[in-house]
Structure formats: C-alpha cells, structure tokens
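S.K.: Sequence first, then the predicted structure:
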Amino acid sequence: MLVKPIEILLVEDNPGDVRLTQEALTDGKVRNNMQVVEDGVEAVAFLRREGKYANASRPDLILLDLNLPKKDGREVLAEIKADEDLRRIPVVVLTTSKAEEDIFKAYDQHANCYITKPVDLD
C-alpha cells in the first residue's frame with residue numbers, strides 16, 4: 001500500500017537550517033513534499049494561496065521559525081491560529097529561542113509543539 005507523502009511547509013530563512021531539516025526528514029524516512037518560504041509575508045501568502053502561490057497545496061504540517069524577516073514567526077503563528085481555514089493545520093515551532101516568554105506565548109497561540117534548534121557555537 002502506498003502512503004501519501006506529507007505536505008510540509010517549512011518557513012525558514014536560514015539555508016543551512018533548511019538543508020538540515022530536509023536531511024532529518026530523509027534520514028527519518030518521512031515521505032514528504034516540502035515547500036520552503038523564507039519569510040513571514042511569503043508564508044501567509046502561501047497559506048492563503050495568494051499571488052504566485054495560487055496553486056499551492058494545503059500543508060499537512062507547518063514548521064515555523066520565529067525569527068523571520070518581513071513578518072515575525074510569532075505574527076505568522078497568530079494569523080494562522082486566528083484563521084478559520086488554517087487553524088487546524090499543526091504548527092511546530094522550530095527556533096533557536098529558548099526564552100520562556102517565547103515558549104509560553106507560542107503555546108498560548110496554540111502551537112502544537114515547540115522545538116529549540118541546536119546552536120553551533122564553533
């Protein structure tokens with residue numbers, strides 16, 4: 001039986017983190033179609049299928065960085081969870097922020113999970 005790939009939207013501005021996320025999903029043998037946008041404005045346009053994203057597939061999962069250009073990930077999360085059509089899409093926050101305020105606020109805004117990215121201090 002063929003399992004349908006998971007549609008994932010990765011909202012991440014760091015190319016290295018994009019590559020690491022793709023490698024982790026491949027190593028974990030997660031069948032997926034991943035779309036990547038680099039800022040919060042693009043993320044909202046993708047989710048609302050606006051402009052060049054008019055034919056975008058609806059993601060089954062959103063992986064969201066908090067520290068994004070143009071529109072912060074916190075704002076994007078708030079918009080997703082306030083939108084009747086989008087709020088049921090699970091959102092996993094992937095960020096370098098270990099600040100308790102960010103963690104509590106993300107969960108208050110109904111993030112499904114909060115994962116702190118490892119930081120390479122070399």
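M.R.: Yep, it's here.

S.K.: The chain: strands as residue ranges?
M.R.: With DSSP state E as the criterion, the chain has strands at 6-11, 32-37, 61-64, 91-95, 113-116.

S.K.: D85 versus Q22, what's the distance?
M.R.: 27 Å (Cβ to Cβ, to the nearest Å). Every residue, glycine included, has its C-beta placed from N, CA and C.

S.K.: Who has more neighbours out of these two?
M.R.: Remark: of Q22 and D85, Q22 carries more neighbours, 15 against 11, as counted by other Cβ atoms under 10 Å.

S.K.: ok now stretch 44-60, how far from the chain's centre?
M.R.: For stretch 44-60, the separation from the chain centroid amounts to 13 Å (computed by Cα atoms, centre = their mean, to the nearest Å).

S.K.: can you pull the buried residues of it?
M.R.: V44, A45, F46, L47, Y53, A56, P59 (16 or more other Cβ atoms under 10 Å).

S.K.: Stretch 91-106 too?
M.R.: So stretch 91-106, judged by 16+ other Cβ under 10 Å, has buried residues V91, V92, V93, L94, T95, S97, D102, I103, K105, A106.

S.K.: cool, stretch 3-23 as well?
M.R.: E7, I8, L9, L10, V11, E12, D13, D17, V18, T21.

S.K.: so who does L10 touch?
M.R.: By Cβ atoms under 8 Å, 6 or more residues apart in numbering, the residues touching L10 are V18, T21, M34, Q35, V36, V37, L63.
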